[in-house]
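Trainee: structure for the following, please:
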Amino acid sequence: MSTPISSFRRLAGAGLPMLGAVTAVTLCACAVGPTYRGPPSRDSAPAAFASAAPGVTTSSPQDSWWHSFNDPLLDGLIERALRDNPQLAAAEARVRRSREGIVIARAAGIPAANASARVSDDKLSRNGENLALMPFTPSTTEFTDYRVGLDASWEIDLAGHTRHEIQTAVARLGSAEETRNDARLVIAAEVATSYVTFRGATQRLEIATTRESYTEQALRLVQLQRDAGLVGDAEVLQAVVEQRTATAAVAAADGAVEPALFALVALTGETVEALRSQLGRAAAVPVAPQGIPIGLPTDLLRRRPDIRRAERDLAGATAAVGAAVAAQFPRLSLVGAAGLDSIGSGDLTSAASRYWTIAPQLTLPLLAGGRLRSGVRASQADLDATVAMYRATVLQAVAEAESGIVRYGAARRRIEALEGVASARKAHLLVIRQRHAVGDISTLELLSAERATDDAREQQLIGSVDLATSFIALSKGLGGGWQQP
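Mentor: Below you'll find the predicted structure:
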């Protein structure tokens, strides 16, 4: 239902009351629908973590946690990935798109104006409604019309429909930003994990190659002993098994180096040759710090981008319910037009060619087949689902952090035990070498001790990789790594 007033002259006579009414309605306008007040309190994180681990404290976690490795090359790789990774570029583009969505939403709440100009050749029907009822017949029904004008409109946000749309757009921007932040966190963790894996693989390849040389020497010695009649074929076959097993271990270790390198190539955007040159020869696995500040579970609500994104989705879903409710209420617009219109180009600028109109217009939805009410119910269902997803995200985040603490604690205890084994093996090998030097034991026994020492060193290496990757996983679970400097 609309009530237009097509003449400003009529509005001047009776329009002051109309404008007064419009002003009063505008001042009384208020947004309908729910008001967002944050996530439900029952969905907050627990007060403390249930798990514990050696070196874990409740101090505030570190944002750029990879600096704890004290590895400048790793720092540079992560910095490069956070700058050049194509997934981050796509996420940043979506942030820019959402930012423009706010401008579009806000534009609905400000006046809009359009200018137009037209020249048309017209012919009127003498039998049409424009001429047939006129008491006289014009001399001509063909003419050229010149028209220059300006039309404007402004919808007054009575029920808060536009405000809710703006709130939705703002929430979408926040969600897009947190999606980008989550990508930053994931990429930093993936770079660090791939780097640790590469260092571990190159170290294991060196150990496997050394162990293979020991088994080859042992096989030659056993074959010489068999030829001398000191041992039988069983001992030779056992040496062959050990040598071939060592060769297979070399192939397995070698096959793990290149995939880790290619993973870094995909993450950083560097070429294989450039990365291989930077990484250089085999180097030690980065050492995880002794102490890790993890903060409190409530810190996850502000640190983890997935929780922050879920909260922004919750705000957007609440605003969408408000927009659906507001769609059921009347909508008030002010429309107007002004310009020059003449059938003669020479008269276009004369005072007689001027025209204008202003018309407050009120629209009230009456029959929509239940569409508007169903829209409200659908939006409310989306809100309920978003609330549930927020709660699930918080629970999952706490579970990931708890699991990370447990895994890190187990890795820390394991590496301490493996370091003890490796230290004892080194001491044992030193004694064996001394006894071999004086001829107290055979070369085969020495080679066996060398292999056992390498086995212990490999297990210590595996434990170091596991400790470093568990530290990375825990830091990621705590939500560090996306924050801008």
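Trainee: for the protein, what's the longest strand?
Mentor: Longest strand of the chain, by residue count under DSSP state E: strand 142-156.
Trainee: quick one: residues in contact with it.
Mentor: 22, 25-26, 29, 108-124, 162, 331-345, 348, 355 (CB atoms under 8 Å, 6 or more residues apart in numbering). Backbone N, C-alpha and C define where each C-beta goes, glycine included.
Trainee: among the residues you listed, the buried ones, what's the ChimeraX command?
Mentor: Buried members of the contacts of strand 142-156, defined by 16 or more other CB atoms under 10 Å, are picked up in ChimeraX with:
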select :22,29,162,331,332,334,335,336,337,339,340,341,342
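Trainee: among the contacts of strand 142-156, name the ones in strands.
Mentor: Here DSSP E is the test, and these give 112-123, 331-342, 355 as lying in strands.
Trainee: need the phi and psi values for the spatially most central residue of the chain.
Mentor: Note on the chain: the residue nearest the mean C-alpha position is T179, at 2.3 Å, using CA atoms, centre = their mean. Backbone torsions for T179, taken as degrees, to the nearest 10, come to phi -60, psi -40.
Trainee: for the stretch 151-300 of the chain, which segments count as strands?
Mentor: 292-293 (DSSP state E, counting those that start in this stretch).
Trainee: tell me where it has helices.
Mentor: Along the stretch 151-300 of the chain, counting by DSSP state H, counting those that start in this stretch, helices occupy 161-227, 233-268, 272-279, 300-303.
Trainee: so where is the protein shaky, pLDDT-wise?
Mentor: Low-confidence segments of the chain, defined by pLDDT under 70: 1-30, 42-43, 484-485.
Trainee: go again with 80.
Mentor: Within the chain, the segments meeting pLDDT under 80 span 1-31, 41-44, 126-141, 281-282, 484-485.
Trainee: so F49 sits against P297, correct?
Mentor: Yes. The pair formed by F49 and P297 meets the contact definition of CB atoms under 8 Å, at 5.9 Å.
Trainee: mind listing the shared neighbours of those two?
Mentor: Common neighbours of F49 and P297 (CB under 8 Å, 6+ apart) are A401.
Trainee: what does stretch 478-485 rub up against?
Mentor: With contact meaning CB under 8 Å, 6+ apart, stretch 478-485 is reached by 61-66, 181-182, 184-185, 188-189, 294-295, 299-300, 303-305, 307, 397, 401, 404, 475.
Trainee: only the buried members of those: can you turn that into a PyMOL selection?
Mentor: Selection of buried members from these for PyMOL, criterion 16+ other CB under 10 Å:
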select buried, resi 61+62+63+65+66+181+182+184+185+188+189+294+295+299+300+303+304+305+307+397+401+404+475
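Trainee: L444 versus E273, what's the distance?
Mentor: Spatial separation of E273 from L444 under the definition CB to CB, to the nearest Å is 44 Å.
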